[in-house]
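A.B. asks: Here is my input; please provide its structure:
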Amino acid sequence: MRTGEPLPSTGDILAALATGLWHWDTATELVTVDAEAARLLGLPARPTTLTEAQARARLHPDDWNEITGVVPLAVAEGTLAEVRIRIIDEQGHVLRVVRSRSKPSYDRERRAYELIGTLQEVTEPAPGTSSARSAVTGDWRRSREAFLLDAGRALAEARSTEEVLRVAAGLSMPGFSPDGLAVFGVEGERLTIIGHHGYAPGDDGPFTHMPLSTNYPAAEVVRTGRAVYLSSPGDYRDRYPAAWPLAEQFGRRSWAFLPLTAGGHTMGAWMAAFSYPVAFTPDERAVLTTVARMLAQALTRASAAETQRELTEGLQRSMLPSLIAGIPGMNVAARYIPTGGGLQVGGDWYDMIPLPGGATGRSTDGGRFALVIGDVQGHDVRAAGLMGQLRIALRAYAAEGHRPDAVLSRASRFLHGITHDEDLTQLRFATCLYAEADPATGRLEVARAGHPDPVVRMADGTVMTRPTAGGPPLGVDPDADYPTTRFTLEPGETMMLCTDGLIETGGHDMESGWRRVRAILEEHAVPDADRERGLEELADALVQGVHGPSSHHTTGPLTDRREDDIAVLLLYRGEEPEREETAATARTRVRSTLLSVAQDEPERIAEARQYLRELLHDWVSPDQVDSAVLLVSELITNVLVHTDADALLLAEIFGQSGARRLRVQVTDTGDDLPHKRRPGELASSGRGLMLIELLADAWGVEPQGKGKSIWFELYEQDGEGGGAAAVDWGLSDEL
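C.D. replies: Purely as a prediction, here's the structure:
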């Protein structure tokens, strides 16, 4: 072509380069091609107009899906859309591979895309080569789809911002993986660093609280909502000269900054930095854009969940008290674990209340205090609200100086009044245990409203449920009575109060859950030298046994183990050296218990028998255990039948295993002393002292200042002595 001659037409130039033109309007669903483009599509070489269906029939199905994915991405970024396309015949055989380049635009009024582009035949890359990472090769596409599925699932399962960032840092993208990641957030008009990976601590300092007006890629992304791709250090330096010195020190070669958009709002930016050059092809941009969208959704979900969890847990914990410190001779530890489902609020609570004339809010002067633990029905906001009201009511009744039974009676009437409306639609009840403690003597007065009994770990490691009298749950019957049980926490003993969540969490029932908790209590002694730390470690062990890995080795489904709220209170009474010096027997006593049976509680004789069996769980001779149980049953029955008083049972074990001594004493306030009689064969009574004389190693009757005590002793044997089990006396067992 000579100088000054007119240039050939664009069509002639494209024809000479074997490049075809095409036009696609999604509103009319028509595709117009010139002669060269028609030839490349396997049609006669003349201009023609095709429907979308006809054009789609000439393309490989996977490549058609690729086009529909690249076009919106190119419109969003304002770039060209480029993709490799396999042209197929009627039998599905690939005729050739062409490269399509187009400039798409979007008409909001018509809600349609319009594309004008070119088609040019290219050589199919060999599998495994670097160029094989194109959009049309099957390996790339399959690996990309698998990656996005895995990434989406992992991000969807992340429950916190920390987990989301950890998942994002572990993503290995197909064919290209960044080695530096950063997630930027926005606070006011400044950038913040939510998290980063691949950088040393402190590297994020210059980028934290950077104004959004800064000429920095992440700030521009937040301002515009459009991604920024920098394929080389030169691109970075030319576009952002002010920020380049900050990025240069890290030695990266390519960068992608993508908007984190959720609900149409740009909440931040995600940076992916590479230590090698990345061209950021449409396929690579599509992967990064998809990951950014999933990351934004995951961060939004995690942030909302964390905010809700912080609010609900803060509400719940604000209702829980601080424990009184400095109790002479006693230590208290507590734990509260909210449920893992729903709002993470519920009705479990504990409290420690200084009583009039006793403990203060900061320390104690040796006076009494009360421990309270309870569970309002439900795991919702209403349960938490009722719990707060009930806790305040209990504190008020205790501060007025009422005894435990009166405190629970008033609390039950209060809860019944606020939950029983005319339509009976707001019915709720609550279990509760209220225990007054005297630090000076270790004396406890316990009233119980449908709650699990307290558990006592004795000084030698024996763990037993302490039977206590009780009434119905609070709020069920406004006129219910709650009898009081009195017993003494001996030096070196620990009492545990808990809600049923500690026992039943993990698919357990009360029996199997109790075995799990009992094993933990037996294994963890509280050393008197460091009893505060020991008690805290015991509380942690109980929680770990339910929620930690160790809980997965017990029975129950391996599901989310936080099925119910858990509240735990531990009370430990330390050793008292000055008391040990007053009596030699106190130094050798290893186990003791105190149990009362009232006149109107004959059914508790069975509890006393079972409790004594548990106290003698490691006694050498089973026959002696049977003898002791029979004698205790007989002595308590005699008190209830022949007097108008209540029976007080004291059982003590002295000495070392194999040579121990059991002393049992039953006390009442009756004045009549028992006398040995010789009943006839048909007599239904009169054999009590005969049984004691026959089965006990020693026994006696001691008058008291008011009333009397009958006692007996058994000396541990390793043989078959004490054959009470073989004798059918027909006495008292029915009680």
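A.B. asks: report the longest helix in the chain, please.
C.D. replies: Ordering each helix of the chain by length in residues (DSSP state H) puts helix 282-318 first.
A.B. asks: so after it, what's the next helix or strand?
C.D. replies: Downstream of helix 282-318, the next assigned helix or strand under DSSP states H and E is strand 330-337.
A.B. asks: Show the secondary-structure elements that that following strand is packed against.
C.D. replies: strand 347-354, helix 531-547, strand 566-573 (3 or more Cβ pairs under 8 Å, 6 or more residues apart in numbering; DSSP states H and E). Just so you know, the C-beta spots here come from the backbone N, C-alpha and C atoms, and that holds for glycine as well.
A.B. asks: Quickly run through the sheet partners of the first one, with directions.
C.D. replies: Read that as strand 347-354. strand 369-376 (antiparallel) (DSSP bridges).
A.B. asks: hey, C-alpha coordinates of whichever helix or strand comes after the strand it pairs with in CSV?
C.D. replies: Remark: after strand 369-376, the chain's next helix or strand is helix 381-399, criterion DSSP H and E. C-alpha atoms of helix 381-399 as CSV (Å, rounded to 0.1, in the frame of the first residue of the first chain):
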residue,chain,number,x,y,z
VAL,A,381,-35.7,-14.8,76.4
ARG,A,382,-38.8,-15.3,78.5
ALA,A,383,-37.0,-17.9,80.6
ALA,A,384,-34.1,-15.6,81.1
GLY,A,385,-36.4,-12.8,82.1
LEU,A,386,-38.3,-14.9,84.6
MET,A,387,-35.0,-16.2,85.9
GLY,A,388,-33.9,-12.6,86.6
GLN,A,389,-37.2,-11.8,88.4
LEU,A,390,-37.1,-15.0,90.4
ARG,A,391,-33.5,-14.4,91.5
ILE,A,392,-34.3,-10.9,92.7
ALA,A,393,-37.4,-12.2,94.6
LEU,A,394,-35.3,-15.0,96.3
ARG,A,395,-32.7,-12.4,97.4
ALA,A,396,-35.4,-10.2,98.8
TYR,A,397,-37.0,-13.0,100.8
ALA,A,398,-33.6,-14.2,102.1
ALA,A,399,-32.6,-10.6,103.1
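A.B. asks: Dump the C-alpha coordinates for the helix or strand following helix 381-399 into CSV.
C.D. replies: Downstream of helix 381-399, the first helix or strand assigned by DSSP H and E is helix 404-419. C-alpha atoms of helix 404-419 as CSV (Å, rounded to 0.1, in the frame of the first residue of the first chain):
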residue,chain,number,x,y,z
PRO,A,404,-35.2,-21.9,103.7
ASP,A,405,-38.7,-23.4,103.6
ALA,A,406,-40.3,-20.0,103.9
VAL,A,407,-38.1,-18.5,101.2
LEU,A,408,-39.1,-21.2,98.7
SER,A,409,-42.8,-21.0,99.6
ARG,A,410,-42.8,-17.3,99.0
ALA,A,411,-40.8,-17.7,95.7
SER,A,412,-43.3,-20.3,94.5
ARG,A,413,-46.2,-18.1,95.2
PHE,A,414,-44.4,-15.2,93.4
LEU,A,415,-43.6,-17.3,90.3
HIS,A,416,-47.2,-18.7,90.2
GLY,A,417,-48.6,-15.1,90.3
ILE,A,418,-46.5,-13.8,87.3
THR,A,419,-47.0,-16.8,85.1
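A.B. asks: buried stuff in stretch 532-545?
C.D. replies: 534-539, 542-543, 545 (16 or more other Cβ atoms under 10 Å).
A.B. asks: How about W64, nearest residue that isn't a chain neighbour?
C.D. replies: Excluding its sequence neighbours, the residue lying closest to W64 (Cβ to Cβ, 6 or more residues apart in numbering) is R56, at 5.3 Å.
A.B. asks: coming back round to it: give me the buried positions along the longest helix of the chain.
C.D. replies: Across helix 282-318, burial judged by 16+ other Cβ under 10 Å covers 282-303, 312, 315-316.
A.B. asks: For N215, give me its contacts.
C.D. replies: With contacts defined as Cβ atoms under 8 Å, 6 or more residues apart in numbering, N215 is in contact with 240-243.
A.B. asks: What is the most widely separated pair among those residues?
C.D. replies: Using Cβ to Cβ, the contacts of N215 reach their maximum pairwise distance at P241 and A243, which is 7.6 Å.
A.B. asks: And those two? Which one has more around it.
C.D. replies: Shown here are P241 and A243; by other Cβ atoms under 10 Å, A243 has more neighbours (21 against 10).
A.B. asks: Surely that one and Y216 touch.
C.D. replies: Yes: using Cβ atoms under 8 Å, A243 is in contact with Y216, at 4.3 Å.
A.B. asks: What strands flank the lengthiest strand in the chain, and is each parallel or antiparallel?
C.D. replies: Scanning the chain for the strand with the most residues, using DSSP state E, yields strand 94-107. Here strand 94-107 is paired, per DSSP bridges, with strand 81-88 (antiparallel), strand 112-122 (antiparallel).
A.B. asks: The residue nearest to W64 and D500, how far apart?
C.D. replies: 63 Å (Cβ to Cβ, to the nearest Å).
A.B. asks: Which residues does L444 form beta bridges with?
C.D. replies: A437, F487.
A.B. asks: All further residue positions should be reported with the first residue as 9.
C.D. replies: Sure thing, new numbering starts at 9, so read that last one as L452.
A.B. asks: Could you count how many residues lie near it?
C.D. replies: 25.
A.B. asks: Could I get the contacting residues of it?
C.D. replies: L452 is in contact with 443-446, 494-497, 503, counting by Cβ under 8 Å, 6+ apart.
A.B. asks: Now the buried members of those.
C.D. replies: 443-446, 495-497, 503.
A.B. asks: possible to save these as a markdown table with pLDDT and distance to H428?
C.D. replies: Shown next, in a markdown table, are the buried ones among the contacts of L452 (pLDDT from 0 to 100; distance: Cβ to Cβ, whole Å):
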| residue | pLDDT | distance to H428 |
| --- | --- | --- |
| A443 | 95 | 28 |
| E444 | 95 | 29 |
| A445 | 93 | 33 |
| D446 | 91 | 36 |
| F495 | 86 | 34 |
| T496 | 87 | 39 |
| L497 | 89 | 37 |
| M503 | 95 | 34 |
